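Trainee: Kindly return the folded structure for what I paste below:
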Amino acid sequence: MRKMKMTLNHTGTIELTSDRLCLRPFSLEDTLAFHKYITNCDEVRRYFLIPFHSNIHQTETMMKQMVNTYHLKTYNWAVTLKEENNMIGLVRLFDVNDDDASAEIGYALASDHWNKGYMSEAITTVLNHLFITVGFKKLTADCMSENLASCQVLQKNGMQFIGKTLNGITWLKRSHDILHYSLTREDYLAK
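Mentor: As a prediction, this is how the structure comes out:
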């Protein structure tokens, strides 16, 4: 029996809003905020898996690549507070797979905005859009086991722990265990 292919209603990165946040496409105006965000805090660097940017030009190159590669299947949101337009974090999709209607979510938040519920609110907004509007069947996320705040964001949004990879990644000259989470559209709609 042939597996029926799921049809996704791709929107690409459209603006989404929640009570306190606006999630929007990145722009080149985000370069300085993004550079500050990824270079000024060792805590952010510890969990955010991109090479260190020693100067603003490296960040500008990365931002240009991100902005220039937007298309219908690209989901990369800059997270901003509604009353401001400055980027405080990001939510991205990786490994978008049309055949099984799945993708992986990644996210990060500037340390000045930790412990205020912003990332949980952003993930709630994104999950709703991806499951209801786009029609994804399954979304996954990974995080380092020691990143307890990230694990809590996933659990708060109904993602289920499905496994652990010991020494799953080497980052900053150290091995880290990776925790794997998953949420199906069916479970999302049931909650």
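Trainee: and the longest helix that the chain contains, what other elements does it pack with?
Mentor: When the chain is parsed with DSSP state H, its longest helix is helix 56-68. Using 3 or more Cβ pairs under 8 Å, 6 or more residues apart in numbering; DSSP states H and E, the elements in contact with helix 56-68 are helix 31-39. Using the backbone N, CA and C atoms, a C-beta is placed for each residue, glycine as well.
Trainee: average pLDDT for the helix it packs on?
Mentor: Mean pLDDT, taken over the full extent of helix 31-39, equals 73.
Trainee: repeat for stretch 68-87
Mentor: Mean pLDDT, computed over stretch 68-87, is 90.
Trainee: just the helices in this structure please.
Mentor: 31-39, 42-47, 56-68, 118-128, 148-156, 185-190.
Trainee: for those helices, which one ends up most surrounded?
Mentor: Across those, averaging neighbours per residue (mean count of other Cβ atoms under 10 Å) puts helix 118-128 on top, at a mean of 21.
Trainee: got the angle between that one and helix 148-156?
Mentor: 40 degrees (axes from the mean of the first three to the mean of the last three Cα atoms, to 10 degrees).
Trainee: now what about helix 118-128, what contacts it?
Mentor: Under the contact criterion Cβ atoms under 8 Å, 6 or more residues apart in numbering, helix 118-128 has outside partners 16-21, 23, 75, 77, 79, 81, 88-89, 91, 105, 107, 109, 139, 152-154, 156-158, 183, 188.
Trainee: give me that answer again for 7 Å
Mentor: 16, 18-21, 23, 77, 79, 88-89, 91, 105, 107, 109, 139, 153, 156-157, 188 (Cβ atoms under 7 Å, 6 or more residues apart in numbering).
Trainee: Quick check: the gap between Tyr188 and Gly135.
Mentor: Using Cβ to Cβ, to the nearest Å, we find Tyr188 at a distance of 12 Å from Gly135.
Trainee: Oh, that last question was meant for Thr17, not what I typed.
Mentor: Distance, Thr17 to Gly135, using Cβ to Cβ: 21 Å.
Trainee: Could you do Gln58 as well?
Mentor: In terms of Cβ to Cβ, Gln58 sits 37 Å off from Gly135.
Trainee: can you pull the contacts of Val153?
Mentor: 119-120, 123.
Trainee: Can you check the pLDDT for it?
Mentor: pLDDT, Val153: 96.
Trainee: what does Pro25 give?
Mentor: For Pro25, pLDDT reads 95.
Trainee: State the number of residues packed around it.
Mentor: The number of residues packed near Pro25 is 17, by other Cβ atoms under 10 Å.
Trainee: ok, and the closest non-adjacent residue to it?
Mentor: Thr13 (4.5 Å; Cβ to Cβ, 6 or more residues apart in numbering).
Trainee: I'd like to check which residues are in contact with that neighbour.
Mentor: So Thr13 contacts 25, 70, 74-77 (Cβ under 7 Å, 6+ apart).
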